[in-house]
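Engineer: Okay, here's the prediction I keep looking at, along with the sequence it came from:
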Amino acid sequence: MVPRILWASLTFSLLIYLVALWAVLLQAGDDAEPALEGPFVYLFLGIFGFVSLVAARMSIFLNRKVYSSSFVDSVAGKLASRGKVTEQAIVTAVMPRFQTTNIMCWAINEGICLFGFALAYMSMQVLLYIPFLVLGLCLNIFMFPRLGAIAEKARDWLASPAARRYDREGLVAR
């Protein structure tokens, strides 16, 4: 429940940035001078765009890592060496790492939008925020926390040969 609340708040903050940007630029009016003009807008768009794409790739990598079998296997193996293991025990043990990694991914996605926010604010053009917003929103929607996937990986580990090794010692609860 907590990861979903965090996901929703960080996802909707991306839209709040759009509203805040629009309000600030509307308040400034037509007579305000942008900090970036001409070719500098495109220069910063290229730089911020490149950095955003690198950040997006890093966010996707971290997200795939948290849902990988090795992520759950490492925690389950440590639990099994200490005592009886159940699906619920594995999910509970994985939760802090799961939550921390997801928060890192969502923060990276928010950082992508902040690049667009800064560019749009400095150039006084709201439309420059839109590509960054779309990228950040798509990544956040893709990275919705799927706790069921972690439980499924825990069940897979309990049925794996690694769990059978601990089962002979009476440490795996079925």
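Structural biologist: Arrived safely.

Engineer: And residue 122, how close does it get to residue 104?
Structural biologist: Remark: distance between residue 122 and residue 104 (Cβ to Cβ, to the nearest Å) = 27 Å. C-beta: built from backbone N, CA, C; applies to glycine.

Engineer: Repeat that for residue 7.
Structural biologist: 13 Å.

Engineer: Neighbour count for those two, which is higher?
Structural biologist: Regarding residue 7 and residue 104, a neighbour count based on other Cβ atoms under 10 Å identifies residue 7 as having more, with 19 against 15.

Engineer: Surely that one and residue 147 touch.
Structural biologist: No. At 11.3 Å, residue 7 does not count as touching residue 147 under the criterion of Cβ atoms under 8 Å.

Engineer: Downstream of the top helix by length along the chain, the next helix or strand is which one?
Structural biologist: In the chain, assigned by DSSP state H, the helix with the most residues is helix 87-123. Sequence-wise, the next helix or strand downstream of helix 87-123 (DSSP states H and E) is helix 130-142.

Engineer: hang on, the earlier thing: which parts of the longest helix of the chain are buried?
Structural biologist: Neighbour-count burial for helix 87-123 flags 87, 89-91, 93-94, 97-98, 101-102, 105-106, 108-110, 112-123 (criterion: 16 or more other Cβ atoms under 10 Å).

Engineer: distance of the most centrally placed residue in the chain from residue 139?
Structural biologist: The structure's the chain has its C-alpha centroid closest to residue 105; by Cα atoms, centre = their mean the separation is 2.5 Å. Separation of residue 105 from residue 139 (Cβ to Cβ) stands at 8 Å.

Engineer: Ok, residue 160 next?
Structural biologist: Residue 160 sits 31 Å away from residue 139, going by Cβ to Cβ.

Engineer: So between those two, which is more surrounded?
Structural biologist: When neighbours are counted by other Cβ under 10 Å, residue 160 and residue 139 differ, and residue 139 comes out ahead with 23 against 13.
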